[in-house]
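>>> Got a predicted structure here, sequence first:
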Amino acid sequence: MAFTEPVLTKRIAQDPSQRKLHWYDDYVRTGGYEALKKALTMTPDEVIKTVTESGLRGRGGAGFGAGQKWSFMPKGEKKNGPHYMTVNADESEPGTFKDRYLIDYDPHQMLEGIAIGSYATGCEICYIFIRGEYHRQAKVLERAIKEAYEHGIFGPQGMLGSGYKLECYVHRGAGAYICGEETGLIEALEGKRGWPRLKPPFFPAAIGAFGRPTVVNNVETLCCVPHIIERGPAWFKTMGTPSSPGPKLFGMSGHLNRPGVYENELGITLQQSIDMAGGMKGGKYKAAICGGISMGVLGPNQLDIKLDFDDVRFRGGCLGLGTAGMIVMNEHTDMVEALRNCVRFYAHESCGQCTPCREGAPWMRKILDRILEGGGRLKDLDMLLELEKTMGTMPGTTICGLADGTGWATRTFINKFYDEFAARCTNPDTVPLTISSRPAVITPLGANTR
Ligand SMILES: Cc1cc2nc3c(=O)[nH]c(=O)nc-3n(C[C@H](O)[C@H](O)[C@H](O)COP(=O)(O)O)c2cc1C
Ligand code: SF4
């Protein structure tokens, strides 16, 4: 492990007052688009092989091998229409705000990654699907794309004078978390309700946008690509851990002295990430949601967990590293209320296709409301743990992973802080002193919440 210099944020000053947005000229002056020139001298297969050898794993949450995903795209002559590249800039997972940072200051880095990735996978059209609330970032991208057209990166004349043509568009979402799930995104892109599709048969590489082969990649994943092409897979693997190589952005929020986006390598410990953000604020460490709330929570005595795709899962007992959006909580945090906030989010964002998710999440939220109101019973905790086992793609009861998020948040919060949950049920007056506590929104049991 050796992280010696910023990679993805090399153009972004650490001092917020010094940060500036890099448009095309700034980007090129600092070495931008050199990797694309190099990629265009390689065959598409060589580009895929290079990315595969780097071990780059998707930064959108699942950690799937980027080169491997690209290799699934069909090759050869296209008879029935284009291949699509779709960029997932939906970023609606609570605690996650790293992609916005990359777009805010260095949009061409992502556009270069798009150009290389599209060349490698034979995509002729790219849609950047951006979260509805990201008004400024959508405008930034539109201007950067215009510049890229003017300078021969995109457009009908062929990429940098080569025969390869790529069109690129921004598509704005309407503010639904579920549109970040890749097949929900594709449905929304097609102008439909953002309902995730069943996989199989609808794997995007086979049947994606408009029924055509489609790649879906996260913003940060694509931002890694120009660096891998320029400096090679061996260099990329000098950072991170053997199974999770490379640099990573960590979105640090919560009870921290200097919350923000920080770059380091995969595999730093939770303690190191907290130190990076200026240490704890207002009290000692108690817990940290890792990777956005879907991944669950790391508890006390887990400060040595390595933030990579495996340690958080296998030793940390969470679903995974997710997006590395860390919400760090101090000793005064009310864990029952924190979980209720997470579950309330899932209950609101469920798209409603699968019964365990549509009915289970609001039911869980009502139980947590009742515990917070002072009407909890110990058997409520058993019920919550029973319910969480019945929902998700892992027990095989739902179409997408939103329900797994509900389950993992519930499982890890209750198991790691059982005494606090139990005390709240048996003696409602044992409310910990909370910094962020606010009055509970009380929904009577049985009320229609949808
Ligand atoms: C409910 C849900 C929401 C998701 N939201 C996002 C998101 O906002 N951004 C993202 O990149 N991936 C999100 N994902 C993961 C995507 O489905 C997909 O795995 C990812 O975009 C693939 O890109 P990558 O391989 O580059 O990581 C979400 C998944 C689920 C189940
Ligand atoms: S798991 Fe939930 S969000 Fe996902 S498809 Fe089913 S109902 Fe919709």
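Noted; the coordinates are in hand. No experiment lies behind these values; they were computed from the predicted model shown. Residues are numbered from 1 along each chain as shown. Ligands and ions are numbered 1, 2, ... in the order given.

>>> tell me which parts of the stretch 51-200 of the chain are close to ligand 2?
178, 196 (C-beta under 6 Å from any ligand atom). Every C-beta, even on glycine, is put in place using the N, C-alpha and C of the backbone.

>>> what residues does the stretch 51-200 of the chain put near ligand 1?
58-62, 64, 69, 88, 90-93, 177-178, 180-182.

>>> low-scoring stretches of the stretch 351-450 of the chain, by residue?
430-450 (pLDDT under 70).

>>> Name the residues of it found near ligand 1, please.
400, 401, 402.

>>> Restricted to helices, list those.
Judged by DSSP state H, the subset of those located in helices is residue 402.

>>> ok, for the residue of the stretch 51-200 of the chain found nearest ligand 2, nearest residue in space, not its chain neighbours?
Nearest residue of the stretch 51-200 of the chain to ligand 2 (C-beta to the nearest ligand atom) works out as residue 196 at 4.3 Å. In space, and not counting its chain neighbours, residue 196 is closest to residue 400: 3.9 Å by C-beta to C-beta, 6 or more residues apart in numbering.

>>> got it, and residue 3?
residue 265 (3.9 Å).

>>> can you give me phi and psi for that neighbour?
Residue 265 adopts backbone torsions of phi -100, psi 160, taken as degrees, to the nearest 10.

>>> I'd say it and residue 246 touch.
Yes - between residue 265 and residue 246 there is a contact under C-beta atoms under 8 Å: 7.1 Å.

>>> Looking at the two, which has the bigger crowd around it?
residue 246 (27 against 21; other C-beta atoms under 10 Å).

>>> how close does the nearest residue to residue 158 once chain neighbours are set aside sit to residue 56?
Leaving aside its sequence neighbours, residue 158 sits nearest to residue 165 (C-beta to C-beta, 6+ apart; 5.4 Å). For residue 165, the distance to residue 56 equals 26 Å [C-beta to C-beta, to the nearest Å].

>>> list the contacts for residue 266?
Listed by C-beta atoms under 8 Å, 6 or more residues apart in numbering, the contact set of residue 266 reads 239, 240, 241, 244, 245, 246, 247, 248, 307, 308, 309, 321.

>>> now these in TSV, with secondary structure and pLDDT?
Compiled in TSV, the contacts of residue 266 are given as follows (DSSP: H, G, I helix; E, B strand; the rest coil; pLDDT from 0 to 100):
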residue	secondary structure	pLDDT
239	coil	98
240	strand	97
241	strand	97
244	strand	97
245	strand	98
246	coil	98
247	strand	98
248	strand	98
307	coil	97
308	coil	97
309	coil	95
321	coil	96
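
>>> now for the residues you listed, which pair is the farthest apart?
239 and 321 (14.9 Å; C-beta to C-beta).

>>> In terms of neighbours, single out the busier of those two.
Of the pair residue 239 and residue 321, residue 321 is the one with more neighbours under other C-beta under 10 Å, namely 31 against 20.

>>> Now for the more buried one: which residues touch it?
Per C-beta under 8 Å, 6+ apart, neighbours of residue 321: 63, 244, 266, 290, 291, 295, 307, 308, 309, 312, 313.

>>> For stretch 94-103, give me every contacting residue.
So stretch 94-103 is contacted by 8-9, 12, 89, 91, 109-110, 130, 134, 137, 140-141, 218-220, 223, 249-251, 253, 261, 289, 291-293, 322-327, 342, 345 (C-beta under 8 Å, 6+ apart).

>>> Out of those, which end up buried?
Buried members of the contacts of stretch 94-103, scored by 16 or more other C-beta atoms under 10 Å, are 8-9, 12, 89, 91, 109-110, 130, 134, 137, 140-141, 218-220, 223, 249-251, 253, 261, 289, 291-293, 322-327, 342, 345.

>>> circling back: looking at the contacts of residue 321, spot the one nearest ligand 2.
Closest approach to ligand 2 among the contacts of residue 321 (C-beta to the nearest ligand atom): residue 295, at 16.2 Å.

>>> Next up, the contacts around that closest one.
289, 312, 318, 319, 320, 321, 322, 405, 408.

>>> For the first one, give its distance to residue 97.
I take that to be residue 289. Taking C-beta to C-beta, one finds residue 289 at 14 Å from residue 97.

>>> what's the overlap in contacts for the two?
residue 325.

>>> Can you list the residue ranges for helices in the stretch 151-300 of the chain?
With DSSP state H, counting those that start in this stretch as the criterion, the stretch 151-300 of the chain has helices at 182-189, 219-231, 233-236, 270-276.

>>> Let me know how buried the spatially closest residue to residue 57 that is not a sequence neighbour is, in neighbour terms.
Leaving aside its chain neighbours, residue 57 sits nearest to residue 63 (4.3 Å; criterion: C-beta to C-beta, 6+ apart). Neighbour count for residue 63, taken as other C-beta under 10 Å: 21.

>>> thought residue 63 was touching residue 319?
No - applying C-beta under 8 Å, one finds residue 63 not in contact with residue 319, separated by 10.7 Å.

>>> pLDDT score for residue 80?
We have a pLDDT of 81 for residue 80.
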